[in-house]
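> Fold the following.
(one chain, ligands or ions: 1)
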Amino acid sequence: MARLLFAKLAELYEQLEKITSGNAIRALISAFLKKVPKKNVEQVTYMTVGQIASEYEDINIGIAEKMVLRAIATTADKDYATITALYKKLGDTGLVAEKLVGKKRKNLPVNEVFNALHDIARATGAGSQRKKTLILAHLLKTASPIEARYICRIVLGTLRLGVGDMTVLDSLAIAFTGSKKAKKELEQAYNICPDIGIIAKTLATKGLKSVRKIKTVIGRPIQMMLAQRIGKFEELKEKINGSIAAEEKYDGERIQAHKKGRTTILYSRRLENITREFPEIAEQIQENVKAKNCIIEGDCVAVDAQGNLLPFQVIMQRKRKYDIQEYIKKVPVCFYVFDLLNLHGVSYIDTAYPARRALLKRIVKETQRLQLAKQIVSTNLDDIEEFFNKTVERGGEGIIAKSCASNSFYTPGKRGWLWIKWKREYAAKMADTFDLAVVGAYHGRGKRGGTYGALLCAAYNSTADRFETVCKLGSGFTDEELKTLPKKFRKYETKTKPARVIVHKNLVPDVWFTPAIVVEVVGAEITQSPIHTAGKGLALRFPRFIKYRPEKKPEQATTVKEIEAMAEK
Ligand code: ATP
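Residues are numbered from 1 along each chain as shown. So this is what the prediction gives:
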């Protein structure tokens, strides 16, 4: 293929829609990638996961369903009412476009589609809605019916082929190194550079050697390091050798701040740009971090006038589009920094933690709103317990114990034993919570008529890139929360089972959802169950809803491996 035609990609998508086996999906994509001209590999990778750029880049096509229907009307030279009537019947803009627009010839290059989609994204400001619709109408004019189907779906973010970034990494490994073995190294690079397009392009054009050399870059978020959990406090000494840096665990929002000259960008746990939500923190970093260019990380937590720590629900009020200035005063926050990943362009993720913290201390000038995470370094568990008690008294969630050994590196995206959490719930012997992706729902009856009776929740199997069910969640909701369930989930409804969701035939829900919303759930115990699909059939008994976790992506839900480890305990 000297010039890759979009029709070929559309054919691939049509085939992918028909299969559900993960291995078959990987085989199809890798066979396709092998034939793609190297210059198109990046574009193909983005589009196959339903995007036109990496998520962190803040590039939004910004077209609503109505506008797509208008573009179809223009292209097909039909009135809007005819189009909406057909849409009501078919329920998918892609299918409407396929029926009404399109030439027979399929000679549209992938390049042209990709660039047109970026043109649509770039149109902003006054008159942009019209401009976007026109560019799309023009593109649809040159497309064949099947191409039109997939263009509309990419534009609206409803491609849903059941292909996640992890599946693409597998396929890339097979296509360009000959076996799945290289996936581990690709995943490592992806954790440092969570941009599937860059990984694909580097691998296709420069090989695995260059992928291994991918470093942290200021302005490109890094997957965040995570903490392991233990069952008994004494295990801390077994898991961490030598000195332990015990730090307050803040019940706030994790933020990775990238300072580059005069701009500071704040990234959330989902690697979304959330600078708009916390402008005062970006300002604090600009003024009080004495380094021109750096990446620092910490937790942003709501505080009261005395500086006491307030629970997560309070900072969630800052997740808003409007009245930001008002809420800066109403819900004041403090950014507690605990790590340094890059300084003046030099990556520090492979430097031991004590040295990273020492550098951090050197560049951060503490203020009321910007502080270093409070810490003690000790080998003595009694000291650490005392520190834990003090933290809880002050409103903290517990502590994170960090290794200070020579290999205490920052491990992007990994939940390893270099960081261990000990929360007040564990100390009180209360059950830990699970963060689960909602994949379906059952209609309610009686008192719950008109809403859902229960949600079907799944853990993430990170090896297979699938969502496996662990419980039906029906309790713990307030009346108000119950009432609003259908509205909250409507956007994610799908007609058929999403490909990455694995469910037992006796548990098929009334409504399917693309995994998108994550809920925090507490359960009494983990048991064996013949109807749940997590691992070898693990289920969470007596689950209760605690809260939504909007800062988490479904792929950041509790993993099947973690549940297996907990069940063993
Ligand atoms: P949890 O629900 O227990 O917070 P989690 O899955 O969100 O778990 P973990 O990796 O288990 O995240 O715990 C690490 C989280 O704790 C980080 O994402 C961060 O937001 C928060 N945190 C608070 N204080 C610290 C600290 N001093 N060092 C590291 N992480 C901290």
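
> State the mean pLDDT of stretch 238-256.
With pLDDT averaged residue by residue, stretch 238-256 scores 96.

> Buried residues in that stretch, which are they?
240, 243-256 (16 or more other C-beta atoms under 10 Å). C-beta coordinates here come from the backbone N, C-alpha and C atoms, glycine included.

> And for stretch 94-114?
94-102, 106, 108, 110-111, 113-114.

> Can you show me the strands along the stretch 201-350 of the chain?
226-229, 244-249, 253-260, 263-267, 293-302, 333-343, 346-347 (DSSP state E, counting those that start in this stretch).

> Present the ones you listed as TSV; the columns should include distance to E17.
Below are these laid out as TSV (distance: least, C-beta to C-beta, whole Å):
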stretch	distance to E17
strand 226-229	34
strand 244-249	44
strand 253-260	36
strand 263-267	33
strand 293-302	39
strand 333-343	40
strand 346-347	41
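
> Okay, now the unreliable bits of the chain?
1, 429-430 (pLDDT under 70).

> what does it put close to the ligand?
Within the chain, the positions adjacent to the ligand are L226, A227, E247, E248, K249, Y250, R254, D299, F338, A373, I400, K421 by C-beta under 6 Å from any ligand atom.

> and these, which two are the farthest apart?
Greatest spatial distance in those: L226 and E248, 17.0 Å, computed using C-beta to C-beta.

> Between the strands of the stretch 201-350 of the chain, which one is closest to E185.
strand 346-347 (17.1 Å).

> Please enumerate residues in contact with that closest one?
The contact list for strand 346-347 (C-beta atoms under 8 Å, 6 or more residues apart in numbering) reads K215, T216, L341.

> of those residues, closest to the ligand?
L341 (12.8 Å; C-beta to the nearest ligand atom).

> Would you confirm that that closest one contacts K215?
No: applying C-beta atoms under 8 Å, one finds L341 not in contact with K215, separated by 10.5 Å.

> the more surrounded of these two?
L341 (24 against 14; other C-beta atoms under 10 Å).

> Would you mind measuring from the residue lying closest to that one once chain neighbours are set aside to the ligand?
Spatial nearest neighbour of L341, excluding adjacent residues (C-beta to C-beta, 6 or more residues apart in numbering): I295 at 4.3 Å. From I295 over to the ligand the distance is 15 Å, taken as C-beta to the nearest ligand atom, to the nearest Å.

> List the contacts of E562.
Applying C-beta under 8 Å, 6+ apart, the residues contacting E562 are R415, A459.

> can you check K260 too?
So K260 contacts I218, G219, N293 (C-beta under 8 Å, 6+ apart).

> okay if I get these as TSV plus neighbour count?
Shown next, in TSV, are the contacts of K260 (neighbours: other C-beta atoms under 10 Å):
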residue	neighbour count
I218	18
G219	13
N293	15
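
> closest to T75 among those residues?
Nearest member of the contacts of K260 to T75, counting by C-beta to C-beta, is G219, at 38.1 Å.

> Hmm, Q256 and the closest one touching each other?
No: G219 lies out of contact with Q256 (C-beta under 8 Å); the separation is 11.3 Å.

> Now stretch 12-21: buried residues?
L12, Y13, L16, T20.

> which residues sit against that stretch?
Counting by C-beta under 8 Å, 6+ apart, 25, 28-29, 32, 48, 146, 150, 159, 161-163, 497, 499 sit against stretch 12-21.

> quick one: which of the residues you listed is nearest E65?
Once C-beta to C-beta is applied, the member of the contacts of stretch 12-21 that ends up nearest E65 is L159, at 14.4 Å.

> centre of the chain versus stretch 392-410, how much separation?
Put simply, stretch 392-410 sits 24 Å off its chain's centre (C-alpha atoms, centre = their mean, to the nearest Å).

> Could you tell me the single residue of the stretch 1-150 of the chain that sits nearest to the ligand?
Y56 (16.9 Å).

> How many neighbouring residues does G453 have?
Neighbours around G453, by other C-beta under 10 Å: 18.

> and it, what does it touch?
Contacts of G453 by C-beta under 8 Å, 6+ apart are Y442, H443, G444, R445, G474.
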